[in-house]
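Novice: Sequence plus predicted model, see below.
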Amino acid sequence: MTDASEDPNDEKQYHVAVGPDDVAETVLLPGNPERVDKVTALWDDSEEVAQHREYRTATGTYDDEPLSVTSTGIGSPSAAIAVEELARAGVETFIRVGSCGALQEGMEVGDLVISSGGVRQEGTSKEYVREDYPAVADQEVVSALVAAAERLGYDYHVGVTMSADSFYAGQGRPGLDGFRAAGSEELVEALRDVDVKNIEMEASAIMTVANVYGLRAGAVCTVYANRITGEFRTEGESRAAETASLAAALLARMDRVKAEAGVDHWHAGLSL
């Protein structure tokens, strides 16, 4: 039971059940509610502040910087609700932390994929803005994620992510009794041909909704499946969470450097 209101102007948000005093300005967004504990295990300290439906939220610090994490459940509809309501609670930066299937040669299980943009195969973002509006990661978030992966020594790839609305048919996998959706057998090869790096289910909606509202967003996912070889292992789960946590701390420092320099955007002339 939650005392949150469905009124979008209410302080306590209806689905995520948080208010402005509950969350930091940057929030990590894993899908699985169980992953919240695995994320916060990497932090200096944390406290669970809300739990409602698939949305679990904890707030604490990482490397002495305030940070929150909210699970979104599976798929773009619930992820967009999280972005909507967390933004109303004052969140300005969103980093998806998840798992994915890799599409290109040389991408190993356990590697990280940092999204520079997204193919909007999910339907949620289409309810916000026309289909030819791009799903683009914030360049500061991408820079911070790359810097974090480099500092941590994790193998990573940067590029375009495809976000689907289904795990099976929408990602070119066979369904029940070998069912194949129209075009599904050619999907993976078609994406590979245009250098799409990976497939998952939330990033493009998170990036699109954040861009519509003038907020920062990005995504980092650990490769669980190699769609070329068929290999699948839940390996390196904590790498994406650690990379995103460090990136959030770096973003906080970047913001302070920008403020001191009197500029609005991070650029190569600034240094941490």
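Specialist: Yep, it's here.

Novice: quick one: the residue nearest in space to the middle of the chain from Ser76, how far?
Specialist: Taking Cα atoms, centre = their mean, the centroid of the chain lies closest to Arg96, which sits 1.2 Å from it. Relative to Ser76, Arg96 is positioned 11 Å away (Cβ to Cβ, to the nearest Å). All C-beta spots, glycine's among them, are computed from the backbone N, C-alpha and C.

Novice: Give the residues shared as contacts by those two.
Specialist: In terms of Cβ atoms under 8 Å, 6 or more residues apart in numbering, Arg96 and Ser76 are both contacted by the residues Glu202, Ile206.

Novice: how about the closest residue to the residue nearest to the centre of the chain other than its chain neighbours, what does it touch?
Specialist: In this structure, Arg96 finds its nearest non-sequential neighbour in Ala219, 3.7 Å apart by Cβ to Cβ, 6 or more residues apart in numbering. By Cβ under 8 Å, 6+ apart, the residues touching Ala219 are 95-98, 114-115, 118, 137, 161, 200, 202-203, 206-207.

Novice: buried stuff in stretch 56-76?
Specialist: Of all the residues in stretch 56-76, those buried under the rule 16 or more other Cβ atoms under 10 Å are 56-60, 62, 65, 67-73, 75-76.

Novice: That stretch: how far from the chain's middle?
Specialist: 11 Å (Cα atoms, centre = their mean, to the nearest Å).

Novice: now swap in stretch 128-145 and tell me
Specialist: Offset of stretch 128-145 from its chain centre (Cα atoms, centre = their mean): 11 Å.

Novice: next one: stretch 179-193
Specialist: Counting by Cα atoms, centre = their mean, stretch 179-193 comes out at 24 Å from the chain centroid.

Novice: Thanks a lot, catch you later.
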